[in-house]
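Asks: this is a predicted model, with the sequence first.
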2 protein chains.
Amino acid sequence: MPLFVSEQTQFLLDKVVSQSVHTASPSFIGHMTSALPYFMIPLSKIMIALNQNMVKTETSKAFTPLERQVLGMLHRLVYNQDEGFYGRWLHDAHQHLGAFCSGGTVANITALWAARNRAFAAVDDFKGIGREGVFAAFKHYQCEGAAVLVSERGHYSLSKAADVLGIGRNGLVAVETDGRNRIRPEALQSKLAQLRSKGIRPFGLVGIAGTTETGHIDPLDTLADIAAEQQLHFHVDAAWGGPTLFSERYRDRLQGIERADSVTLDAHKQLYVPMGAGLVLFKDPATLSSIEHHAQYIIRKGSKDLGSHTLEGSRPGMAMLVHSALQIIGRRGYQLLIDQGIEKATAFAEMIRADQQFELITEPELNILTYRWRPKAARSLLEGAAGEARFRLNELLNRCTRYIQKAQREHGRAFVSRTRLTPECYQGQATLVFRVVLANPLTTLAVLQDILQEQCQIATEAALADCIDEIRLLTDNR
Amino acid sequence: MPLFVSEQTQFLLDKVVSQSVHTASPSFIGHMTSALPYFMIPLSKIMIALNQNMVKTETSKAFTPLERQVLGMLHRLVYNQDEGFYGRWLHDAHQHLGAFCSGGTVANITALWAARNRAFAAVDDFKGIGREGVFAAFKHYQCEGAAVLVSERGHYSLSKAADVLGIGRNGLVAVETDGRNRIRPEALQSKLAQLRSKGIRPFGLVGIAGTTETGHIDPLDTLADIAAEQQLHFHVDAAWGGPTLFSERYRDRLQGIERADSVTLDAHKQLYVPMGAGLVLFKDPATLSSIEHHAQYIIRKGSKDLGSHTLEGSRPGMAMLVHSALQIIGRRGYQLLIDQGIEKATAFAEMIRADQQFELITEPELNILTYRWRPKAARSLLEGAAGEARFRLNELLNRCTRYIQKAQREHGRAFVSRTRLTPECYQGQATLVFRVVLANPLTTLAVLQDILQEQCQIATEAALADCIDEIRLLTDNR
């Protein structure tokens, strides 16, 4: 039986809305989804009501130049080319400054797709990897495999991309990181040499501007040098950290991003746009031509239809919301948001360090940090030499972390996420940590203090008693 | 300088909204985007305001079971398994009935990705194509290439998928169609034999339930037989035609779809949901496991996070809108919409046939048809034997079709799209046609009559005078 709109709305309110996650809450600091500016709601309504389809101008008209405008604005943020450049390319029918999409994963896949197709381009009688496929390409280019390199902190979408693109998840080669979760250039160099000696052809290098788990930034300038020297497509995954470029104070942390061949940005993260908006930008507008495609009824050759250079087909007019955010929040507004986030993270790190009951695991470079609950008595054992007792203690603390994180989530007042790191100070022992993302401008230090207090409280719950006893035994024995 | 919300809103209203495409207009019958039910606007507002992220339950909570519910409802529409089946699988943590995504293109890529990974699965010391890539897979399985077959009317997203997935666009093998744009089974069989004789391994067969250009449906039952016999993954691209299954009267036109291994459906087409919602369903919930992936901080093994089985990462809660449409419009509501569309197309075809100034090019099987303007005098030449004069006449008519379609679009009162077909009756000569999609329930026969009238009017415009003169010369000479 069909329902009345009122009945369905009631159902949604009772069973779904009330049971959804309050992503805008100042104490929901576990993931990358936070509060939206209020104007997004009425503007989204316009977007939904117009129901444009960006795949072609025939179903999007003014939205097509608007989306190109947005790509241009963000291209300028990253690459800052001159007026002549944007005058020439912004509305060009054949070349595109980037591709708008549903999120960072599709952006990363698009970047590596273009990189793969350029690395194995048509030459002589070979028609290119896009046409002939990976098998013919490797035979023609005489290699046994192809590889993209990224630090072991790379986002899981990259390994998904390697699977999808037919180079295989083994073709995404993870490179060791240093104590601050940044790729080690010398480890990268030696991986590259190893791969080449095995007949595997590296074609892409990914730098991370804001790792998902810890918010760290790779040495992008050094990576750009290596990419240039080794003729690799240099992609920067700035899904999270990209908008740091708005900050006069912190933008130099991304030094070198302007040398990237392509850059992923997520608008639904730090551009504060609703879920479902990402994009990839290309330094050279010719790059995206390697994935160009056409059809008879739309995206015909020479048309300005955006769909000829995107992985997706039909797409909503989310660019309207990104455009509005860029215009209304503006460069200085984003600067404020970015600066406050980084400074709040620094202050929170200080608060954790000052508290005897917690251990800071990663220092914030952007607005992300990780830490864990750790009873005061455990400190000296952890700071001492590695050994069986310390190993066991870390395992027990992992149990505590998992329990506390889950319990806090279930209590429903606050939310931090958890992940597993391999800190240098523990010789790479798997270590569960609380992960905190400070992007909501409504989150105050008082909120953060409350979160720590609740975590201490949960640590006294009966379910953890055995675990705490064992920790006590271990640390008292010293 | 940042803008006030009021300033940006004014800009949007003046420059974007007023210059957007009126996709909901009853005379906008050229593409697959049409009117939305009114309740979508307030419900979308809820969706946007909640800003859930479907990648993991930690950011979507009640939205996760809701999305699974929607996948189950549509799985039932296509496959109609018993209660036990849905009880077992609907909310299973490890297996999924399908994957929700931004649209049909990602749905098709996901289906072929899963098919590819199953066809080249791990065996002996080979770890599977997802891990080791296409090159190692083909060497292990001893083939020179891999192929997916589809009729020459297949959607362009399939060739994009072949490119992305590393089998190459050449690996998407187009099979000849009959006079009604349906794949020829005997041509398919001979293509399959040809491929195998060249050492190329076919692994997928795509049937179309509603071709994008003409709305025709492949003989799905026959394709299912061939796929079973040749051990191919049978995918049905029902992005357009899928909801025909709601119609008691017309659902048998899709006979055989229930034998498909996977089916693509677009919710933003004939489920009348705003742009950005598609999905792919799998008959066997184990199929999607071939693309499963995990990370440390989300989509951990054993979690119910939806992100472990989707190509995209972060995704909005569009499932809420699909759920609402299914509940409020209901099976009988969709039946009404589908029946009216097909019957309106039949009536419009009749109207075109009865009009001496037009030529029906493809009969509607669903709610899509194609036709062109053709002066009465040209009829006998077109119906006569093929020859140089007829060839030339068709070329002139192509010019008229292009001109009329563009002029009508620019006048702004009505919109039909155009595409290029290769009709049997003209021995495959490239023929431009008007393409009409009748999915808007507000489109009446009177509106359609007006569209024909305007087209006749445009045909008398000065810009076409030379062309019309030449047509007259050609047809008078007979």
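Replies: Looks like it arrived, so ask away. Numbers count the residues shown, from 1 in each chain, chains lettered A, B, ... in the order given.

Asks: quick check, A:R169 in contact with A:A162.
Replies: Yes. In terms of Cβ atoms under 8 Å, A:R169 counts as a neighbour of A:A162; the distance is 5.2 Å. Every residue, glycine included, has its C-beta placed from N, CA and C.

Asks: show me which of the two is the more surrounded one.
Replies: A count of neighbours by other Cβ atoms under 10 Å in any protein chain shown puts A:A162 above the other of A:R169 and A:A162, at 27 against 20.

Asks: surely that one meets A:G171?
Replies: Yes. With contact defined as Cβ under 8 Å, A:A162 reaches A:G171; the gap is 4.9 Å.

Asks: which parts of the stretch 301-450 of chain A are helices?
Replies: A:319-328, A:330-354, A:379-383, A:388-411, A:445-458 (DSSP state H, counting those that start in this stretch).

Asks: from the ones you listed, which stretch is densest packed?
Replies: Of all the helices of the stretch 301-450 of chain A, helix A:319-328 carries the top mean neighbour count, a mean of 24, counting by mean count of other Cβ atoms under 10 Å in any protein chain shown.

Asks: how much space between A:T264 and chain B?
Replies: A:T264 is 11 Å from chain B, where distance means Cβ to the nearest Cβ, to the nearest Å.

Asks: need the pLDDT of that residue.
Replies: Per-residue confidence at A:T264 stands at 98 (pLDDT).

Asks: could I get the phi/psi values of it?
Replies: Main-chain torsions, A:T264, degrees, to the nearest 10: phi -90, psi 130.

Asks: follow-up on the earlier one: overlap in contacts of A:A162 and A:G171?
Replies: A:V148, B:G133 (Cβ atoms under 8 Å, 6 or more residues apart in numbering or on different chains).

Asks: which SS class is the closest residue to chain B within chain A?
Replies: Closest residue of chain A to chain B, Cβ to the nearest Cβ: A:G166 (2.0 Å). Following DSSP: H, G, I helix; E, B strand; the rest coil, the label given to A:G166 is coil.

Asks: pull the number of nearby residues for the closest residue to it other than its chain neighbours.
Replies: The shortest distance from A:G166 to any non-neighbouring residue, by Cβ to Cβ, 6 or more residues apart in numbering or on different chains, is to B:G166 (2.0 Å). Neighbours of B:G166 under the rule other Cβ under 10 Å: 30.

Asks: ok, B:G166 - contacts?
Replies: Shown in contact with B:G166 (Cβ under 8 Å, 6+ apart): A:I129, A:G133, A:V134, A:L165, A:G166, A:I167, B:G133, B:V134.

Asks: out of the helices of the stretch 301-450 of chain A, which gets the lowest mean score?
Replies: Least confidently modelled of the helices of the stretch 301-450 of chain A is helix A:379-383, at a mean of 93 by mean pLDDT.

Asks: what comes up buried for stretch A:265-285?
Replies: Buried residues in stretch A:265-285, counting neighbours by 16 or more other Cβ atoms under 10 Å in any protein chain shown, are found at A:265-283, A:285.

Asks: which among the contacts of B:G166 gets closest to A:I458?
Replies: Comparing those against A:I458 with Cβ to Cβ places A:L165 closest, at 43.4 Å.

Asks: that closest one touches A:R116, doesn't it?
Replies: Yes. Look at A:L165 against A:R116 with Cβ under 8 Å: they come within range, at 5.6 Å.

Asks: what would stretch A:151-161 look like as PDB? C-alpha coordinates only.
Replies: Extracted in PDB, the C-alpha atoms of stretch A:151-161 (Å, rounded to 0.1, in the frame of the first residue of the first chain):
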ATOM      1  CA  SER A 151      53.200   6.400   1.400                       C
ATOM      2  CA  GLU A 152      51.800   3.700   3.600                       C
ATOM      3  CA  ARG A 153      49.400   6.400   4.900                       C
ATOM      4  CA  GLY A 154      47.700   6.700   1.500                       C
ATOM      5  CA  HIS A 155      43.900   6.700   1.400                       C
ATOM      6  CA  TYR A 156      42.300   3.300   0.600                       C
ATOM      7  CA  SER A 157      40.700   4.800  -2.500                       C
ATOM      8  CA  LEU A 158      44.100   4.600  -4.200                       C
ATOM      9  CA  SER A 159      44.300   0.900  -3.800                       C
ATOM     10  CA  LYS A 160      40.700   0.700  -5.100                       C
ATOM     11  CA  ALA A 161      41.800   2.700  -8.000                       C
END
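
Asks: does it come close to chain B?
Replies: Yes. With Cβ under 8 Å from any Cβ of the partner chain as the measure, stretch A:151-161 is seen reaching chain B through A:Y156, A:S157, A:S159, A:K160.

Asks: max pairwise distance over those: which two?
Replies: Spatial extent of the residues of stretch A:151-161 next to chain B (Cβ to Cβ) is set by the pair A:S157 and A:S159 at 7.6 Å.

Asks: more neighbours, these two?
Replies: A:S157 (28 against 23).

Asks: just the element for that one, please.
Replies: helix A:156-164 (DSSP states H and E).

Asks: can you count the residues close to A:H294?
Replies: A:H294 sits with 15 neighbouring residues when counted by other Cβ under 10 Å.

Asks: could you report the distance from it to A:S303?
Replies: From A:H294 across to A:S303, the span is 9 Å (Cβ to Cβ, to the nearest Å).

Asks: and what of A:Q19?
Replies: Using Cβ to Cβ, we find A:Q19 at a distance of 45 Å from A:S303.

Asks: comparing the two, which residue is more hemmed in?
Replies: Taking other Cβ under 10 Å, A:Q19 and A:S303 do not tie; A:S303 has more neighbours (17 against 12).

Asks: setting the sequence-adjacent residues aside, check what's closest to the more buried one.
Replies: Spatial nearest neighbour of A:S303, chain neighbours left out: A:A93 (6.6 Å); criterion: Cβ to Cβ, 6+ apart.

Asks: my read: that neighbour touches A:L306, true?
Replies: No. Using Cβ under 8 Å, A:A93 makes no contact with A:L306, being 10.7 Å away.

Asks: who has more neighbours, those two?
Replies: Set A:A93 next to A:L306 and count neighbours by other Cβ under 10 Å: A:L306 wins out with 24 against 11.

Asks: ok, the more buried one touching A:M54?
Replies: Yes. Using Cβ under 8 Å, A:L306 is in contact with A:M54, at 5.4 Å.

Asks: okay, and the common contacts of those two?
Replies: Common neighbours of A:L306 and A:M54, using Cβ under 8 Å, 6+ apart, are A:S60, A:T64, A:E67, A:F100, A:R315.

Asks: the strand ranked longest in chain A near chain B at all?
Replies: Looking across chain A with DSSP state E, the single longest strand is strand A:200-208. No. Residues of strand A:200-208 contacting chain B under Cβ under 8 Å from any Cβ: none, with a closest distance of 10.0 Å.

Asks: quick check: A:F234 is in a strand.
Replies: Yes. Per three-state DSSP, A:F234 lies within a strand segment.
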